[in-house]
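Chemist: Provide a 3D model corresponding to the input given below.
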Amino acid sequence: MSRACSRSRSKIRIAHGRWRRQGLEPARRRPARFALPDGPGSDHGSCALEAKGGEALKDTRYGVSAGGGDASTVLNRIVEIEESGIGAAWLTTGGAGIDGLTVLAAAATRTNRIKLGTSIVPTWPRHPIVAVQQAQVVEALAPGRLRLGIGPSHKPAIQAMYGFDFRAPLGHLKEYVHVARTLLHDGAVDFKGEFYEAHARIAAPMPRVPVLASALRRASFEYCGAETDGAISWVCPPAHLRDTALPALKRGAERAGRPVPPLIAHAPICVHERVEEVREAVGEQLAIYPKLPFYARMFADAGFPEAIESARWSERMIDATVAHGSETAVARQLEALIKSGATEILVSVVTAGPDRKASWKRALELVGKLEAIA
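Modeler: As a prediction, this is how the structure comes out:
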């Protein structure tokens, strides 16, 4: 383990004591959950990974998902995240809701330093040239701050809504990334594949804009290692990241003869001590994920076959996946994600208890403190 990684973890331990001394830690505490067992590769810290893709992937350890609500609400939330000292704000585009890249263009004019990312923009509804058109706007308004995360989404959402023939999602993603990344980084693309044809130029290359892709299982992580500027996971238990994601990411990078790109772990957290209320909140706010085949298979791969059998969150799945408890407990659980190989953590806040606004602010305050000492 490098000295930089050791210093980072020492700072987290110091911070735990500081929170207690300052009275920021509630009196009632539970033992940390989300435990990461020892095993092959458990010493792979983020410092072993070399970030690629320009300024937008540097000097940030924590980000927060800002989605939910109308455009004004989301825009104000991004401003709040920046004011909390957090390094990145992310938006997911899904269904017929508001478009993440459009909101990020507005956020670029309201913020000064925060990184702005999509996690993700679905590939099927828009041609990659269109995504590049939008990305150019955000990059021009917020130079060096955009992170373009893309992914195929899911068959139930894409096929039911758009009527597309949702097939070969990884092959579809590969062509999309190739077109978008080539056009952004080289300034021109000339491509004809199974899913896309693209012949275009832009005014000037934008090599600082990293093109990241969603990943859940071995094949997608290996692809990300070979051909993208980083992988974005979602609700993956730490052991799955350590034992499956990181080795696959490294294999892909080695095969392509390139540095290992960043692994951004998108993880739910709930800073709340009452376990029953945490589990209830997860069941309400994240209910869809075990029902989706991609996620159910990922959970089964990670040792949770009940995801396929019941299509719902089990207590085991929640305790392994959702960082919850007191500030100290959640900080330790997020540290386990870094230890598992994550370069950066993208937090989605699960709010619990009778005062959901207070629950959100409590989580935001914690992530801001973690970013400050990272």
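Chemist: dump the residue contacts of residue 301.
Modeler: Taking C-beta atoms under 8 Å, 6 or more residues apart in numbering, we find residue 301 in contact with 217-218, 240, 244. From N, CA and C alone the C-beta is placed, and that goes for glycine too.
Chemist: Columns secondary structure on top of those, output as TSV?
Modeler: Listed next are these as TSV, based on DSSP: H, G, I helix; E, B strand; the rest coil:
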residue	secondary structure
217	coil
218	helix
240	helix
244	helix
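Chemist: from those residues, which single one is nearest residue 253?
Modeler: Proximity of the contacts of residue 301 to residue 253 (C-beta to C-beta) peaks at residue 218, which lies at 14.1 Å.
Chemist: how close does the closest one sit to residue 166?
Modeler: 21 Å (C-beta to C-beta, to the nearest Å).
Chemist: Where do the helices of the stretch 1-150 of the chain begin and end?
Modeler: 3-21, 71-83, 100-110, 128-141 (DSSP state H, counting those that start in this stretch).
Chemist: I'd like to know which elements the third one is packed against.
Modeler: Yep, that's helix 100-110 we're talking about. Where contact means 3 or more C-beta pairs under 8 Å, 6 or more residues apart in numbering; DSSP states H and E, helix 100-110 is packed against helix 71-83, strand 88-91, strand 115-118, helix 128-141.
Chemist: which stretch among those comes nearest residue 319?
Modeler: Short answer: strand 88-91, nearest of the helices and strands packed on helix 100-110 by C-beta to C-beta, at 24.6 Å.
Chemist: hmm, who's touching that closest one?
Modeler: 60, 62-67, 74, 77-78, 81-82, 100, 103-104, 107, 111, 114-119, 147, 149, 266, 344, 346.
Chemist: what about that strand, distance to the chain center?
Modeler: 9 Å (C-alpha atoms, centre = their mean, to the nearest Å).
Chemist: Okay, now the unreliable bits of this protein?
Modeler: Counting by pLDDT under 70, the chain contains low-confidence ranges at 1-55.
Chemist: quick check: domain ranges of it?
Modeler: 35-52+216-374, 86-209 (automatic domain parsing).
Chemist: Give me the distance between the shortest one and the centre of its chain.
Modeler: Think domain 86-209. With C-alpha atoms, centre = their mean as the basis, domain 86-209 stands 15 Å off its chain's centre.
Chemist: Ends of that domain, what's the gap?
Modeler: 20 Å (C-alpha to C-alpha, to the nearest Å).
Chemist: what does stretch 137-146 give?
Modeler: 10 Å.
Chemist: What values do phi and psi take at the residue most central in space within the chain?
Modeler: Centroid-nearest residue in the chain, with C-alpha atoms, centre = their mean: residue 266, separated by 3.2 Å. Main-chain torsions, residue 266, degrees, to the nearest 10: phi -90, psi 110.
Chemist: Let me see the ranges of the strands in this protein.
Modeler: 62-65, 88-91, 115-118, 121-122, 146-151, 188-192, 197-201, 211-214, 231-232, 263-271, 323-325, 344-349 (DSSP state E).
Chemist: For residue 307, find the nearest of these.
Modeler: Once the strands of the chain are compared by C-beta to C-beta, strand 263-271 is nearest, at 15.0 Å.
Chemist: now the angle from the closest one to strand 146-151?
Modeler: 90 degrees (axes from the mean of the first three to the mean of the last three C-alpha atoms, to 10 degrees).
Chemist: Each with direction, which strands does strand 263-271 pair with?
Modeler: In the sheet, strand 263-271 lines up against strand 231-232 (parallel), strand 323-325 (parallel), strand 344-349 (parallel) (DSSP bridges).
Chemist: Could you tell me the end-to-end distance of stretch 297-311?
Modeler: 11 Å.
Chemist: Report the contact partners of the closest residue to residue 306 other than its chain neighbours.
Modeler: Counting by C-beta to C-beta, 6 or more residues apart in numbering, residue 314 is the residue found nearest to residue 306 once chain neighbours are left out, at 4.7 Å. The contact partners of residue 314, taken as C-beta under 8 Å, 6+ apart, are 304, 306-307.
Chemist: Appreciated, that's everything.
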